[in-house]
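> got a predicted structure here, sequence first:
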Amino acid sequence: MARFAWLTILLPLLGALANGFLAARRPSAKRLVSLIGPGVLLAAFAVAIGAAIEVAGTEEAIRIQLWTWMPVTERLHIDLALQLDRLSVVLLLVVTGVGSLIHLFSIGYMRSDPGYARYFAYLNLFVAFMLILVLGASLPVSFIGWEGVGLCSYLLIGFWFEVDANSDAGKKAFLANRIGDFGVLVAMFLIWWTLGTLDYAGIDATAAATLPLGGTLATVIALLLFLGCTGKSAQIPLFVWLPDAMAGPTPVSALIHAATMVTAGVFLVVRTGVLFSLAPFAMEIVAITGALTAFFAATIGLRQYDIKKVLAYSTVSQLGYMFLAVGSGAWTAGIFHLVTHAFFKALLFLGAGSVIHAMHHAHHAVGAHDDAQDMRNMGGLRTAMPWTFRLMMIATLAIAGVPGLSGFFSKDEILASAFARGDHSTVYLVAWGLGVAAALMTAYYMARLMAMTFYGTFRGGGEVEGHLHEAPAVMTGPLVVLGGLSLVGGLLNLPAVVGGGQWLEHWLEPVLAPANLLLDPLHLPHGTTEYLLLGGAILIAVVGLTLGFRMTLGRPIPLPADTPAPRGLARLLEGKYFVDEFYQRVIVGPLVWFSKTVLWRGFDQFVIDRIAVAGSARLAQGLGWLGSRLQTGQVALYVSLFAVGAVLVLRALIGG
C-alpha cells in the first residue's frame, strides 16, 4: 500500500477539480459536493492507514519515484519523488484523519452558504498541498506544498471576500508568509551549494561530514529555515497574520490552526533536524523564540472577547511550545504535542463553530444583529448545547494540562525537556520559566472562555435564547471523535513515570537517529526532580482553571455596549500590544510612502512618463520641426547650403 501513497495527494486534488467545476457550472449541486468533498478525504485516510501498516514493518524510508522534474546537470538533478517514513506517516494520518472530520463538520456548517462548492474545492486543494509538503522527498518538492498551503490560506481566509476586512486578512496572511518563504529559498540555495543535494536523505547522509558543528554556515542555514517557520507557524515576529485568519469560516480556522498549515514549520525543523543539530546557537534561538511566543500570545489571550480570537492566540502559544521542544532537541516531544494539539484544538475550534452556528441562527430567527462570536453576548449555553459543552470541556482540560488527558503528557514532556537542557545553557532555563508561566495563563483564559460561554445566564436576550439549539449530528459527530482522541491521545507517548512505554519515541527513533547522534543526550529528570516537575505542572493546571472560573463568574459580565474602556495593562493586552499598529507605522506606512512618493510619483511618473516617454516624444517632435525648416523646396537655399558645406569640408581637408 505504501507505493500508492501518492493517492493521498491525488484524491483531494481530484476532489478540488471536481468541486471547482461544480462551483463554476452547477453551484446548486450541494448533495454531490457533500459526497465528493469529504469522500475523497476519507478515501485518502484509508490509504494512509494502509501505508502506515506497511511502514510499521520497516525502519527504512520508502522512496516513491513519480517522475524526473529538473534534470539540469548531473549535480542538480531533482526528481518529483515522495518519501514515506515513520515521520511522514504520522503527519499523513493527522492531516487526512483530522481533515476528514473537519470536512464532515463543514457539511452542516456551510450548507446554506452560496459558495458551498467553491469552499470544498479550496478545502480539498488545501489538504492536497499539505500532503505534498509532508510527503516530499526533497526540499523543492516540499516547497511546492509549502507555497500551495500559503495560496490556499489566502483563498480560504478571504473566502467571504465581499467584506474588505476578510480580503485584507487573506492578503496579510499571504504577505507575512512570503517574508518567511524568502528565508527557505535562500537556505535551499546554500544547502545545494554546500552539500550538492536537496534530498532529505542526502542531507542526512552528508551534512555532518561537510558542515562543522557550530560553524557559521550551518547556523545561517538553520536560521534561514527557521525564518520560514516563523512565518508559516506564526512565531515572533511574523505571528500577526494568524489571529486575523479568523476572518474565514470556522472550519477553515480548525484546519489551518490544528491539522495543517501552522504545523508545517515544526515539521520542517524536525525533518531537517540534522542541520539544526549542527547549529547549537540556532537551536537556542528556536527554543527562546518559541517560549517567548508562547508567553506573549498567552498574555494577549487573557483579554480577548471574540471566542475565535481567544483560540487563535492559544494556537500561537501552543505552537510556541512545539518550537520550544524542537529547539531543545526533544524532537519527539514536539511531534507529540503537534498530534495532541491537532486533536484538542480542532475540537475547540469546531466546538466554537457549533456555538457560533447556534448563535447566528438564533439571531437570524429574531432579526437581531449582535456579534455571534463575542462571548459577552453568550452565557448559559450548556443547557441548550449540552454535547458541545461537554466536549469543549474535555478539550479545555486537555489544553490546560489536566492529568490523564492528552495535552498534559505532551506539554509536560516539553517543559521537562527544556528544564533538562538547562544544564547546557541558561537560555533553556529561561525558556522553561516562560513556558511554565504560559501554561498557567493558558489554563486561566480557557477557563474564562468556558465560563463566559457556557455558565451563568444567557446575556443575549430572551427571544434569542429560545432559538438556541444543539448542532446537527453531522457537526456533533466529528466533535465526539475528537473528544475521544483528546482523552486518549496521551497514550501515544505515555512516559515511563506512569507506566508507559513511550511508543511514539520508539516509533520515530529511526528517522531521528541522524539528528540525535549530533546532540548531547537529553537526560530527562528522574526521581525527586521528576515528581516535583510533575506536581508543579498539575498545580499550575488546577490553579489556572480555578482562578479562571472564579474570577470570571465572581462578577457580572457586561454586554459589549456596557463594557468600560480598558485602561493600563488591560488596554495593552486587549489591544494586542499594538504590534499591528507598530508595524503599520514603522514598516508598512514608510514602505507605502516610499512606493507612492519615490517609486510612483518620482520614478514612474517623472523619470519614465515625463522624461523618458514624453521627453523623447518632444525631442523627436523638435528634430522633426528642425528638419521641416530645412526642407523648404527652394533650390537657391539648397545650393547655398551645399556651397557652405563644401567650403567647410575643403577647409577641413586643407587644414588637415
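It's in. Residues are numbered from 1 along each chain as shown.
> where along the stretch 451-600 of the chain do the helices fall?
For the stretch 451-600 of the chain, applying DSSP state H, counting those that start in this stretch gives helices covering 462-465, 473-488, 503-516, 527-553, 568-574, 579-583, 589-593.
> name the spans of the stretch 51-200 of the chain whose pLDDT lies under the cut-off.
Applying pLDDT under 70 to the stretch 51-200 of the chain flags no residue at all.
> then the chain?
For the chain, applying pLDDT under 70 flags the ranges 1-2, 368-370, 630, 656.
> give me the residue at the spatial middle of it.
residue 262 (2.4 Å; Cα atoms, centre = their mean).
> now the closest residue to that one other than its chain neighbours: how far from residue 239?
Excluding the flanking residues, the one nearest residue 262 by Cβ to Cβ, 6 or more residues apart in numbering is residue 233, at 5.1 Å. For every residue, glycine as well, the C-beta is placed using N, CA and C. From residue 233 across to residue 239, the span is 9 Å (Cβ to Cβ, to the nearest Å).
> and what of residue 589?
Distance from residue 589 to residue 239, by Cβ to Cβ: 20 Å.
> neighbour count winner among the two?
residue 239 (25 against 11; other Cβ atoms under 10 Å).
> so that one touches residue 293, yeah?
Yes. Judged on Cβ atoms under 8 Å, residue 239 makes contact with residue 293 at a distance of 6.4 Å.
> quick revisit: of all the helices of the stretch 451-600 of the chain, which one is nearest residue 275?
helix 503-516 (8.6 Å; Cβ to Cβ).
> for residue 635, find the nearest of the helices of the stretch 451-600 of the chain.
helix 589-593 (62.7 Å).
> any residues touching the closest one, and which ones?
Around helix 589-593, nothing counts as a contact under Cβ atoms under 8 Å, 6 or more residues apart in numbering.
> from the chain's centre, how far out does it sit?
A distance of 27 Å separates the centroid of the chain from that of helix 589-593, by Cα atoms, centre = their mean, to the nearest Å.
> what's the offset of the helix or strand following that helix from the middle of its chain?
The helix or strand immediately downstream of helix 589-593 is helix 616-630, counting by DSSP states H and E. Distance, stretch centre to chain centre, for helix 616-630: 61 Å (Cα atoms, centre = their mean).
> quick one: name whatever helix or strand follows helix 616-630.
Next element after helix 616-630 (DSSP H and E): helix 635-655.
> with only the CA atoms kept, save that following helix in CSV.
Extracted in CSV, the C-alpha atoms of helix 635-655 (Å, rounded to 0.1, in the frame of the first residue of the first chain):
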residue,chain,number,x,y,z
VAL,A,635,16.7,75.4,-54.9
ALA,A,636,18.8,78.5,-54.2
LEU,A,637,18.8,77.7,-50.5
TYR,A,638,19.9,74.1,-51.1
VAL,A,639,22.8,75.4,-53.4
SER,A,640,23.8,77.9,-50.8
LEU,A,641,23.9,75.2,-48.0
PHE,A,642,25.7,72.8,-50.4
ALA,A,643,28.3,75.5,-51.1
VAL,A,644,28.8,76.3,-47.4
GLY,A,645,29.2,72.6,-46.6
ALA,A,646,31.7,72.1,-49.4
VAL,A,647,33.8,75.0,-48.2
LEU,A,648,33.8,73.7,-44.7
VAL,A,649,34.8,70.2,-45.9
LEU,A,650,37.6,71.6,-48.1
ARG,A,651,38.9,73.8,-45.3
ALA,A,652,39.0,70.8,-43.0
LEU,A,653,40.9,68.8,-45.6
ILE,A,654,43.4,71.5,-46.3
GLY,A,655,43.8,72.3,-42.7
